[in-house]
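In: sequence unavailable; structure follows:
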């Protein structure tokens, strides 16, 4: 009977392993669900949850802290909206015009603006950067600048970074507005700077990609292309990837900026992004591409209904594009480029504004306001 007893014990352990594999412990399952349910899934059915109507929307991407959405409007207005229901929390009138997409963290909203003289002429010292409080939009500090910041803002724990129309890259302290350092270049900046490790990567309008030390602004290297760089870069596994208006995607070494490979697209490259299985590329030839990280080989390409002027929203289950001259946002599968979903965004889209995710809410800026989508129910 002993072999039978051992056989029974083995069967019990096999059953236990199967149960643990397919039915994880409650606390493990809860942790998985809390992560999975904390963000919106682009491939799932989505319906309009709320609308914020305005005829003052501009080509600047809203900011979010996950709970609120901060929508920039014309004539220097910023509105704070509750992300889950669209409730207007406050409105701040900053004067002049907002010059760059805002940035939000757990403490403040950071706003770049510009002012004009008589009949719209620019004036000396016409740029400014502010930190506003989350609760009421009250100004905590204001820093005057020689020219307005036009590149997107980005931040680490200490500093804000942004590029201006007079060729300066600023590092400004988030708590006080004091200038940490300034890097001067001969051309203006209108790109999306990004932070990887200890370095800041930013492209210029005369075609340079800069690698700068975050703490000093000293250049590690710069690489020149033959077109302006307005999108963001991506640093991964020792390689920096970026696109240029000259129609090429570049891969250079993170250590010294030496070229590894470049690939020609059908039009100017607006931006690149990180997909799990490759490098996502948005081009002005109306195509989205996925390239291999190692050599830039094309894995797939997909034509969309209009120009891809806005940075797409990349999520684990798909990527959302909002093409110009199209009334529909399109979600593609990152694995093969096939369409997974579509979102109605009203009349032909003329806004080069990136869609954003705020928790379980997806927000898309249109000519007539902000549309928020979520899962039904």
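Out: Looks like it arrived, so ask away. Not measured: the values here are computed from a predicted model.
In: pLDDT below threshold where in this protein?
Out: Applying pLDDT under 70 to the chain flags the ranges 1-38, 117-125.
In: let me see the ranges of the helices in it.
Out: Using DSSP state H, the helices of the chain run over 2-22, 26-36.
In: just the terminal-to-terminal distance for stretch 242-256.
Out: This stretch, stretch 242-256, spans 15 Å end to end (CA to CA, to the nearest Å).
In: now that stretch: buried residues?
Out: 242-252, 254 (16 or more other CB atoms under 10 Å). C-beta coordinates here come from the backbone N, C-alpha and C atoms, glycine included.
In: just put the residues you listed in JSON lines and tack on distance to residue 100.
Out: As requested, the buried residues of stretch 242-256 are exported to JSON lines (distance: CB to CB, whole Å):
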{"residue": "242", "distance to residue 100": "19"}
{"residue": "243", "distance to residue 100": "20"}
{"residue": "244", "distance to residue 100": "21"}
{"residue": "245", "distance to residue 100": "19"}
{"residue": "246", "distance to residue 100": "24"}
{"residue": "247", "distance to residue 100": "26"}
{"residue": "248", "distance to residue 100": "26"}
{"residue": "249", "distance to residue 100": "25"}
{"residue": "250", "distance to residue 100": "24"}
{"residue": "251", "distance to residue 100": "28"}
{"residue": "252", "distance to residue 100": "26"}
{"residue": "254", "distance to residue 100": "26"}
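In: between these, which is nearest residue 166?
Out: Here the nearest of the buried residues of stretch 242-256 to residue 166, counting by CB to CB, is residue 245; it sits at 20.8 Å.
In: what's the nearest residue to that closest one if we skip its chain neighbours?
Out: Distances taken as CB to CB, 6 or more residues apart in numbering put residue 227 closest to residue 245, at 3.1 Å, once the chain neighbours are dropped.
In: also residue 169?
Out: Closest residue to residue 169 apart from its sequence neighbours, by CB to CB, 6+ apart: residue 183 at 4.2 Å.
In: which ones are touching the one you found?
Out: Residue 183 is in contact with 168-169, 210, 212, 217, 219, counting by CB atoms under 8 Å, 6 or more residues apart in numbering.
In: tell me which residues touch the residue nearest to residue 245, please.
Out: Here residue 227 is in contact with 207, 244-247, 268 (CB under 8 Å, 6+ apart).
In: next one: residue 137
Out: By CB under 8 Å, 6+ apart, the neighbours of residue 137 are 78, 80, 90-92, 109.
In: and for residue 184, the neighbour number?
Out: Residues lying near residue 184 (other CB atoms under 10 Å) number 9.
In: may I have the beta-bridge partners of it?
Out: Counting by DSSP bridges, residue 184 is bridged to residue 168.
In: I'd say it and residue 164 touch.
Out: No. Under the criterion of CB atoms under 8 Å, residue 184 is not in contact with residue 164, lying 10.0 Å apart.
In: before we move on, the earlier item: which one of the buried residues of stretch 242-256 is nearest residue 313?
Out: residue 243 (17.4 Å).
In: ok so, going back, for PyMOL, write the select line for the buried members of the contacts of residue 137.
Out: In PyMOL syntax, the buried subset of these is picked out as below (16+ other CB under 10 Å):
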select buried, resi 78+80+90+92+109
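In: dump the contacts of residue 137 to a markdown table, plus distance to residue 134.
Out: Formatted as a markdown table, the contacts of residue 137 follow (distance: CB to CB, whole Å):
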| residue | distance to residue 134 |
| --- | --- |
| 78 | 12 |
| 80 | 8 |
| 90 | 9 |
| 91 | 14 |
| 92 | 11 |
| 109 | 7 |
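In: ok, which pair from the contacts of residue 137 is furthest apart?
Out: Spatial extent of these (CB to CB) is set by the pair 91 and 109 at 12.7 Å.
In: what about the residue lying closest to residue 159 once chain neighbours are set aside, how many residues nearby?
Out: Spatial nearest neighbour of residue 159, chain neighbours left out: residue 171 (4.4 Å); criterion: CB to CB, 6+ apart. Residues near residue 171, counting by other CB under 10 Å, number 23.
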